[in-house]
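Test case, fold it:
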Amino acid sequence: MKKQKGINCLPIFLTGCQRLLIVAGPTYCSRLWCVMEIFTFMRMGGTRERIEVKMIMHKDLADPAAAKKVLKRQFATFDAAKAECFLPKDKHRLLAVVEAGFGDFKVFNQHVRSIFDDRLQETCANLPTVDVSISEREPFGRC
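Residues are numbered from 1 along each chain as shown. As a prediction, this is how the structure comes out:
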């Protein structure tokens, strides 16, 4: 019930935001909650100019250029339908919302890929990659 209230309030939270900051690492595209944040921001009138992407990399990828290349490849093949969530029933319900909001996943995926491409061009050209150590276990789950 508490999680549902948070999901229901997401549009309210994002409507009040001037910008959407995406802190993207190796698992970003596979997390359904991240997909839902992008979807909600876009549906609430957020524009690509108001989205900022900061990349983080796993400690095992010591070469920043290699880490950026891996993330760019992931974002170029972004597919909302492949994102995972802890509960299968939540996944189906949330993906149905995304599909209904854009007509189909193809359109949504193209928008997100385009946004990542635009934003990553700026990020890779102007900003350093932040090195973040990711533990072997994920204490917050997949969503």
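
Show me what the top helix by length along the chain is packed against.
Looking across the chain with DSSP state H, the single longest helix is helix 105-126. Under the contact criterion of 3 or more Cβ pairs under 8 Å, 6 or more residues apart in numbering; DSSP states H and E, helix 105-126 touches helix 32-43, strand 51-57, helix 64-76, helix 88-102. Where C-beta positions appear, they are placed from N, C-alpha and C, glycine not excepted.

quick one, which of those is nearest to residue 118?
Among those, strand 51-57 comes nearest to residue 118, with 8.5 Å by Cβ to Cβ.

how about the closest one: buried residues?
51, 53, 55-57 (16 or more other Cβ atoms under 10 Å).

try stretch 113-120
Applying 16+ other Cβ under 10 Å to stretch 113-120 flags 115-116, 119-120 as buried.

next one: stretch 26-45
Buried residues in stretch 26-45, defined by neighbour count with 16+ other Cβ under 10 Å: 26, 28-29, 31-42, 44.

re the thing from before, for the buried residues of strand 51-57, which one is nearest residue 100?
Comparing the buried residues of strand 51-57 against residue 100 with Cβ to Cβ picks out residue 51 as the nearest, at 22.0 Å.

show me the contacts for the nearest residue to the closest one once chain neighbours are set aside.
Ranked by Cβ to Cβ, 6 or more residues apart in numbering and with sequence neighbours excluded, the top spatial neighbour of residue 51 is residue 20, at 4.8 Å. Residues counted as contacts of residue 20 (Cβ atoms under 8 Å, 6 or more residues apart in numbering) are 14, 37-38, 41, 46, 50-52.
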